[in-house]
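1. below: sequence and its predicted model.
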Amino acid sequence: MYFLLARLLQATVVMLCVALVGFLVFQFVGDPVLSLVGQETSVEDREALRESLGLNDPILVQYARYVVNALQGDFGISYSFNRDVSEMIADRLPATIELVMLSGVLSLILAIPAGIYTGIRRKGGVAQTIMALSVIGVSIPSFLLGILLILVFSVWLNWLPSFGRGDVVTVLGVRSSLFTWDGLSHALMPAAVLCLFQLGVILRLIRAEMLEVLRTDYIRFAWARGLPGQRIYFRHALKNTLVPVVTAIGLQLSSLFAFSIITERVFQWPGMGSLLLHAIGQSDIPLLAAYLIFVGLVFTISNLVVDAVYVLIDPRIRHGAH
Amino acid sequence: ETLRMASQGDATSLDPHSHNESFTNYFLANIYEGLVARDKDFEIAGQLAQSWEQVDATTWRFTLRDGVTFHDGSAFAADDVIFSMDRALSETSNFKHVLASVESYSAVDDMTVEIVTKAPNPILLNDLLDLMILDKQWAEANGAVEPINLQAEEKAFSATNANGTGPFSVVSRAQGEKTTLAAFDGYWGETGNVTEVVFTPINNAATLVSALLSGEVDLVMPLPLQDIARVENGAGVKVVSSAEARTMYLGMDQWRDQIIESPVEGNPFLDLRVRQAFAHAVDAQAIIDRVMQGQATLATQYVMDKVSGYNPDLTRLEYNVETAKSLLAEAGYPEGFELTMDCSTDRYVNDGQICQATVSLLARVGVKVNLIAQPKAQFFPKVVAPDFGTSFFLLSWTPSTMDSLNVFQNVLGTRDLENGKGAWNISGCSVPEADALAAEAAVTMDAAAREKMLQDAMALMVEDVCLVPLHVQQLVWGAAEKVEVVQHPTFEFPLEYFNVN
Amino acid sequence: MLERIRSDFWYELLNSPVTIISAVIIVLMIIGCTFAPVFAPHTPFDPATISIMDNNMPPAWQDGADPRFLLGTDLQGRDVLSAMLYGGRISLLVGIGAVALSVVIGMTVGLLAGYFGGMTDAVLMRVAEIQFAFPPILIALLFNGILKASLPADVFAQAAVPIMILAIGLAGWVQFARIVRASAMVQRGQDYVTACHAIGLPTATIILRHITPNILGPVLVLAMLQIAVAIVTEATLSFLGLGTPLTEPSLGALIQIGSQYLFSGIWWVVIFPGIMLLVMVVAFNLVADWVRDYLNPRLR
Amino acid sequence: MTEILCRTKDLKITFPHRLGDFTAVHGFDMEVRRGEIVGLIGESGAGKSTIGNAIMGLLSHPGKVSGGRIDLEGENLIDLSDAAMARLRGRRIGMIFQDPMTSLNPLMTVGDQLAESIALLRDLPMSEARKMAADRLDGVGIPDAASRMGQYPHEFSGGMRQRVVIALAMAGDPDLLIADEPTTALDVSVQKQVLDLIRSICVERSLGVILVTHDMGVIAETADRVYVMRHGKLVETGPTAQVIHTPTEQYTQDLIAAIPSIERREDRFRNPAQKTGEIDQWLLQGHKDESSGDYVTASALTKDFATRKKSFWGKAGTFRAVDIPGLSIKRGEVLGLVGESGSGKSTLGRMMTGLVLPTSGNVRYDDHGPLADVRSRARRKALRRDVQVVFQDPYSSLNGRMRVDHILAEPIRFHGLAARSDIPRLVGALLERVGLPAAAGRKFPHQFSGGQRQRICIARALSVRPRFLLCDEPTSALDVSIQADMLALLMELRRSLGLTMLFVSHDLAVVRQVSDRVAVMKQGKIVECREAEALYDSPENDYTRMLLATAPRATGH
Ligand SMILES: Nc1ncnc2c1ncn2[C@@H]1O[C@H](COP(=O)(O)OP(=O)(O)OP(=O)(O)O)[C@@H](O)[C@H]1O
Ligand SMILES: Nc1ncnc2c1ncn2[C@@H]1O[C@H](COP(=O)(O)OP(=O)(O)OP(=O)(O)O)[C@@H](O)[C@H]1O
Ligand SMILES: [Mg+2]
Ligand SMILES: [Mg+2]
Ligand code: NI
């Protein structure tokens, strides 16, 4: 417990720093007032708005005010949406999580078997093809891929919808669009685009780890013991590749959130990414700061989860051995 | 019938007095109504005002329409109008200008409102176009007496909720995501067959167009120019276009003694010949043909033909590289000179490309332009008051009142920031005679005389080459074949006139 | 013939035609782009030489093409081939520059943390962790946005490329710091380092002359991969409107601009730059893969 | 039982390579009977493991059997398909590897691994397999086997792990067991237990065992018959006693002669040819007059290391690696330091040379005063010139990215021991002094063999003209024959340069050959420290006695 608390405390401090840095630099992102009002607004009106937003106060005062409020769960009101930032995030978060989860799961489902296969049949034709494709997957800018997918599947073939999130229903208390065909069909292309990059990265990692593990003595010994190949690959080798893979996946999680910015933009997915771009465009400081804190939080939590998973996977960690 | 429409942006708020931004205004015009509005033929007609009379030069009396109810069922009456005017003038309002000329207003009786202007105002009705009326009781009950103030949370109610008298009521709203409107049963006027409107903002141009092409949306506005050909050839989709009241122009610094961000000594633009040379050098027709894909008309002056005060006699200085070169030589710049141009990239149709074309056209006459193409978020803070930090730029203006006086007051008139004049006169040009004509027109009630004054003033400004007019852009929408729309030179989209067959 | 080659390096290299092709492509692209002014048929960034009347010309083999423009022209009338070469120069500059910056920062931090351990390590790694919490693209987005907003537009336009390098470079150092730290920790425990101590060599000498050369292998591999990533990141930032200026577009910016014309039949403005970017990035990836395998003889 | 279980006939194993195929084994003949342990011995790279792997059908890529046959009870294994071969593994042939630490899957409990093998090899349901697994663990001498089943490999000691490995290899009751260096990674005392276990299993189940090792002592104590290999060829074979005591081949004789004896101190390490040249003069330059007192004295020395937290809640503890009241080395003396792995030998050695600072206590040098004072830059530099180290692993102790002449020149230049222009010549002379050609300086370390690298390490240590040399297991990574050369070189240098040495090794025999005095360490403490001969001949401490008794000896070792 002590350890966990310390971790959390540390994470909080980190996040506060992040928020401070973010808050300070956001002062330069642009003038929110000019984005808030149109061309026709007079100079005095703009000044008045600036004053009423507290934008004329010293930056540190603004930050202190912000932190005090944030501690009470109040991240302020979005300039451009006139709504509680926390409410905004609560609104948009499920969509992004949905997308991230779907693409994460997709990439794992594809990457693990492919990684194992290419690790075992390193020189085979199929394996080389998979590797070549994975390089291309990592190399195509995702916005271009997204647009190409839309062109092919929405415009030419008319199979999948080109934008937005589908019907949202509640199943077992979870509200998600993934439970309906409509929802799934909307999520498929964005998830595929988001997945592709991760897929390449994780696949290569698993393959590399697999190659390493397959050369270890205990695998050699497992062969010598007469265990069948299946068992060696899937039970002995795979589990041993997991620790680095889990780390990578943990780290990839925050990059999934980052890449969702582009995917959401291309597919008009109503998630956090679109929100961030909107906030940057509008210099919506409360929203930007909250987004930063949120990303920090995701990273911290995913790190904690990764640590927990380590303990599950590796008994050496569980027992504090080295 | 359901109409699914999409645009690259979204309305910024549902509060009719908080954000004076044209898309937001026109979006809300389907939900809220004013005393007067433009009808199908773009004429000003009574909306919530049944009729009006001018008691004397400064007093206007409006008779309100009977039997109008708000979306929540409550009746519309004079106190709602007075309340809305109060609200438009309150501290946090963004619409104080619509009543700038008004001295006082009062309810004569339950169905009559009187407005007294400070001076005779021939375009009061135009001013009132933007004044939306909301329900007093509803606003008071929901803490929306004042337009939203970003500091006070409880007042944000009106940003996400609406209660107007318009043909459509808000069913659901998720800003930046989706807004659903439903036809209002109790609407007093005629409407088309659209019963439901689903509006989705789609930021990415390619996605927007593919949504139209794949039949997921029925109406896209505006349609990116590059996709016109594709939509024209597409099955079941069409391009709808008409002239828009937006005039694009190039601005040149005429108030500094030394232009900024340029190695040149002094300010060449103070010499009329240099301004003329620029006008001769920029092949506006080529820009229309090549950059605007033909979707624009050549501008001869600073307003388009539907705007009152448009002077049909004016012509544009023709494109002629030789003339431009010799004018520059006469002005003492035979080799041309170097300067910096500011340009937005995401504000107007193909703005970045227009600037690039301008740069290469000017290069032909020896003027070397360093282009700073920037998003509007950086562009506007740089070029507007108080700094006016540019010496050469691309800008455009839409007179929201459809009257050139608006242009004189904001763009062309000599700068007088204290009195709120010329705030957008970034060029800093000044033609006192034109100022005088415009001031007179502002208080002249005789329409014909007024028109003449404005036309003369416009001629003076064009002669002085205050700006280099480029083109009047077309309003281009992409629509499903089955959709019938009405386009106005402003960006309005009066959904009550739309039909889905 | 192959049997004659004694050096493993050349043998392994010659045995992998894909790598040779990739390496040749990289070299050609670097030469072609670096000397773009020499090779490019036009100077697309000089407004004086381009004419708006030449715009939207299809590639030379199509109807209505102008033979002056092999791969057609874009909306501005710029020669697509020349724009690709000039744009590729910017992309390569950004990619290589950003990675060089990441390497310098990452190696410094990683070496200090890995070699000294203890408090130094803890503090540096916490900093890295904070940095890592923000995915590169987000950092680049924020950094670029902030500078763009806080610098005067003309300064920013001049400095767009250095700023891009700075933004992407700053975002990428953590990966280098991590692998360098891990390697440095391994190297620190090696007897040759203890031998250096026994000789009394100063710490700086040990780190710079002895440890650094021994950790360059993995750094090199990562650097190649990161160049590819940086080039794509730059393209992505362009998509979000934060990349290089319109007047001097990088390959990514060309693609971003071109992608708006995907539906309008002007496919050449996006397909050709797209192919070039893809080939460039894939080539870097493939060479990096090969170097990785080469450096790890157990995988040969 | 004289029935032949396994026989290789004219076995030829090749590793194809683009620069010409490399034949690792040429025409090797061997026979293994049930119930006997056959030793396979030879220097590193002789092809021993390759033969074991070939019998298992697990030759590492790209190796292949290119000739001859391997018969297992009359069936030629070479003709078998991969699948058939896979069926043999575990059921007919078992194998164990050198390192028990890495042979077990760290993420599975010992019980699971064993039950898994048993269930698969014997087609038993899991529940029965588990029961049997517990029996088997018990059978290899793991106490409290049932409760140990649920533990992970890291919770076992090295010896126990090797027992588990043996139980695993025996899970399918194979007829033939191949043990590839099964005890090299273990301490002498544990080594003996494991060898005893193999011996007893062999007898109980009338198993054929091939014991691969490079350690003559292990063979002498365990094997019934022995095959001596060199360069992939059989050199000599016969009953163990006969081969060891009356070897017929020159190579075997040399091999056996090179084994240092724990029983006595041999002359061949102490009477080298006198080589004094210009380089020796340079090496001896600039030293103070020799006194005959203690060169280095440690007093009340301790060293603590922080241990990892046991759990989330626990506090980081400290672990005392060294705790000695005092130790001194006389000028020109060689002090041997022996003890089991982890007893603190290296740590003590490093403290004595100032490479590690003690937690408490002090080290004094005759020339430099107390170590605590040597923290100033200049004094530390002076100390570094006088005190040098030669490490165990010749692979990691040289910077692979530097050329040898650079490696040797750097200390000379850094300490300013010679004019810049003289350095190349000096480096050449140094290389020659340690028995390498001067031209070797142009090469990189990886271009040398282990023994040659160790010579470079010694040359590097000499390049600063040291007075005191710490040799931390300088020969344990080397083959016996090379080891002998190395020891001779060290002794010769010591004599001609009057070096003071601290010689750390776990190999009691080696230490006996070189040391004047010997200290025995156990768990950070010195349990006995006396004149070498006296200590070996009549150990006073129980622990010393135990160490001496368990050390395997061929004729020695
Ligand atoms: N995979 C391989 N590829 C090429 N050559 C190999 C391979 N494995 C072994 N060899 C070579 O075969 C020869 C015999 O190796 P082997 O491992 O059998 O020696 P060993 O007698 O077991 O030595 P050690 O005592 O060091 O274990 C060596 O020269 C080695 O370099
Ligand atoms: N840097 C360190 N940090 C923590 N513990 C250490 C460190 N160095 C050594 N130890 C521990 O101190 C003890 C003594 O180690 P040392 O290396 O001196 O043993 P050794 O007798 O030389 O063993 P070996 O024969 O295996 O070389 C061991 O338990 C080791 O784990
Ligand atoms: Mg071996
Ligand atoms: Mg040791
Ligand atoms: Ni444990």
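-> Sure thing, it's come through. As the structure is a prediction and not an experimental result, all values here were calculated from the model. Ligands and ions are numbered 1, 2, ... in the order given.

2. so C:Pro249 sits right up against C:Gly87, yeah?
-> Yes - using CB atoms under 8 Å, C:Pro249 is in contact with C:Gly87, at 5.4 Å. All C-beta spots, glycine's among them, are computed from the backbone N, C-alpha and C.

3. compute the number of surrounding residues for residue 284.
-> Using chain A. 29 (other CB atoms under 10 Å in any protein chain shown).

4. ah, no, chain D please
-> 13.

5. do the same with D:Ile423
-> Using other CB under 10 Å: D:Ile423 sits among 18 other residues.

6. secondary structure element holding it?
-> helix D:423-433 (DSSP states H and E).

7. make sure B:Thr300 is indeed in a strand.
-> No - assignment of B:Thr300 by DSSP: H, G, I helix; E, B strand; the rest coil gives coil, placing it outside any strand.

8. number of nearby residues for it?
-> 22.

9. verify the contact between it and B:Leu314 for me.
-> Yes - counting by CB under 8 Å, B:Leu314 is a contact partner of B:Thr300 at 4.8 Å.

10. okay, and the common contacts of the two?
-> Common neighbours of B:Thr300 and B:Leu314, counting by CB atoms under 8 Å, 6 or more residues apart in numbering or on different chains, are B:Val462.

11. beyond the helix holding D:Ile423, next helix or strand please.
-> helix D:450-462.

12. and ligand 1, is that following helix touching that?
-> No - using CB under 6 Å from any ligand atom, helix D:450-462 stays clear of ligand 1, with a minimum separation of 10.0 Å.

13. that older thread, establish whether the helix holding D:Ile423 and chain C are in contact.
-> No - Helix D:423-433 stays clear of chain C (CB under 8 Å from any CB of the partner chain), getting no nearer than 14.0 Å.

14. helix, strand or coil for whatever residue is furthest in space from the centre of chain C?
-> In terms of distance from the mean C-alpha position of chain C, C:Ala198 ranks first, at 40.9 Å (CA atoms, centre = their mean). State at C:Ala198, reduced to three classes by three-state DSSP: helix.

15. for the stretch 1-150 of chain A, which residue gets nearest to chain B?
-> For the stretch 1-150 of chain A, the residue closest to chain B is A:Asn82, as judged by CB to the nearest CB, at 3.7 Å.

16. nearest spatial neighbour of that residue, skipping sequence neighbours?
-> B:Ala159 (3.7 Å; CB to CB, 6 or more residues apart in numbering or on different chains).

17. show me the contacts for that neighbour.
-> Counting by CB under 8 Å, 6+ apart, B:Ala159 has contacts A:Phe81, A:Asn82, A:Arg83, B:Ser13, B:Leu14, B:Asp15, B:Ser18, B:Ile148.

18. same thing but at 6 Å, please
-> Neighbour list for B:Ala159: A:Asn82, B:Ser13, B:Leu14, B:Asp15, B:Ile148 [criterion: CB atoms under 6 Å, 6 or more residues apart in numbering or on different chains].

19. am I right that B:Glu335 is in a strand?
-> No - using three-state DSSP, the secondary structure at B:Glu335 is coil, not a strand.

20. if the closest residue to the residue farthest from the centre of chain C other than its chain neighbours is in a bridge, with which residues?
-> Nearest residue to C:Ala198 in three dimensions, chain neighbours excluded: D:Val389, at 4.6 Å (CB to CB, 6+ apart). For D:Val389, the beta-bridge partners under DSSP bridges are D:Leu470.

21. please tell me I have it right and D:Val389 contacts D:Leu470.
-> Yes - with contact defined as CB atoms under 6 Å, D:Val389 reaches D:Leu470; the gap is 4.6 Å.

22. near chain C, which residues of chain B show up?
-> Chain B comes close to chain C at residues B:205-206, B:209, B:226-227, B:229-230, B:261, B:286, B:290, B:340, B:352-353, B:356-357, B:359-360, B:363, B:371-375, B:378, B:382, as judged by CB under 6 Å from any CB of the partner chain.

23. quick revisit: may I have the helix or strand hosting the residue nearest to A:Asn82 as PDB, with CA atoms only?
-> For B:Ala159, the element it lies in under DSSP H and E is helix B:157-160. Extracted in PDB, the C-alpha atoms of helix B:157-160 (Å, rounded to 0.1, in the frame of the first residue of the first chain):
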ATOM      1  CA  PHE B 157     -27.500  27.400 -20.000                       C
ATOM      2  CA  SER B 158     -28.200  29.400 -23.100                       C
ATOM      3  CA  ALA B 159     -25.100  28.200 -24.800                       C
ATOM      4  CA  THR B 160     -26.400  24.700 -25.100                       C
END
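
24. tell me the secondary structure at the residue of the stretch 1-150 of chain A closest to chain B.
-> Classification of A:Asn82 by three-state DSSP places it in coil.

25. next: D:Arg401.
-> coil.

26. quick check: the gap between it and chain A.
-> Computed as CB to the nearest CB, to the nearest Å, the D:Arg401 to chain A distance reads 23 Å.

27. does that residue touch C:Pro213 like I think?
-> Yes - the pair formed by D:Arg401 and C:Pro213 meets the contact definition of CB under 6 Å, at 3.9 Å.

28. show me which of those two is the more surrounded one.
-> Set D:Arg401 next to C:Pro213 and count neighbours by other CB under 10 Å: D:Arg401 wins out with 19 against 14.

29. secondary structure element for D:Ile210?
-> Counting by DSSP H and E, D:Ile210 is part of strand D:208-213.

30. same deal with A:Val13?
-> Element membership of A:Val13 [criterion: DSSP H and E] is helix A:2-26.

31. that helix - what's its average pLDDT?
-> For helix A:2-26, the mean pLDDT works out to 66.

32. so how many other residues sit close to whichever residue of chain C sits closest to ligand 2?
-> For chain C, the residue closest to ligand 2 is C:Gly189, as judged by CB to the nearest ligand atom, at 8.4 Å. C:Gly189: 10 surrounding residues under other CB under 10 Å.

33. now the closest residue to chain A within the stretch 201-300 of chain C: how far from A:Leu144?
-> Of all residues in the stretch 201-300 of chain C, C:Val281 sits closest to chain A, at 3.8 Å by CB to the nearest CB. According to CB to CB, to the nearest Å, C:Val281 and A:Leu144 sit 12 Å apart.

34. what do you get for A:Gly281?
-> Per CB to CB, A:Gly281 is found 22 Å from A:Leu144.

35. quick one: least confident helix or strand in chain A?
-> Least confident helix or strand of chain A, by mean pLDDT, DSSP states H and E, is helix A:32-36 with a mean of 58.

36. the strands in chain C, which residues?
-> Secondary structure of chain C (DSSP state E): no strands located.

37. show me where it has its helices.
-> If DSSP state H is used as the criterion, the helices of chain C fall at C:8-14, C:17-34, C:36-39, C:80-116, C:118-133, C:136-150, C:153-158, C:160-189, C:191-199, C:203-205, C:212-239, C:251-259, C:268-295.

38. out of those, which is closest to ligand 5?
-> helix C:160-189 (22.9 Å; CB to the ion).

39. A:Phe163: neighbouring residues, count only.
-> When neighbours are counted by other CB under 10 Å, A:Phe163 registers 26.

40. how about B:Gln226, nearest residue that isn't a chain neighbour?
-> B:Gln226 sits nearest to C:Ser264 (CB to CB, 6+ apart), 4.4 Å away.
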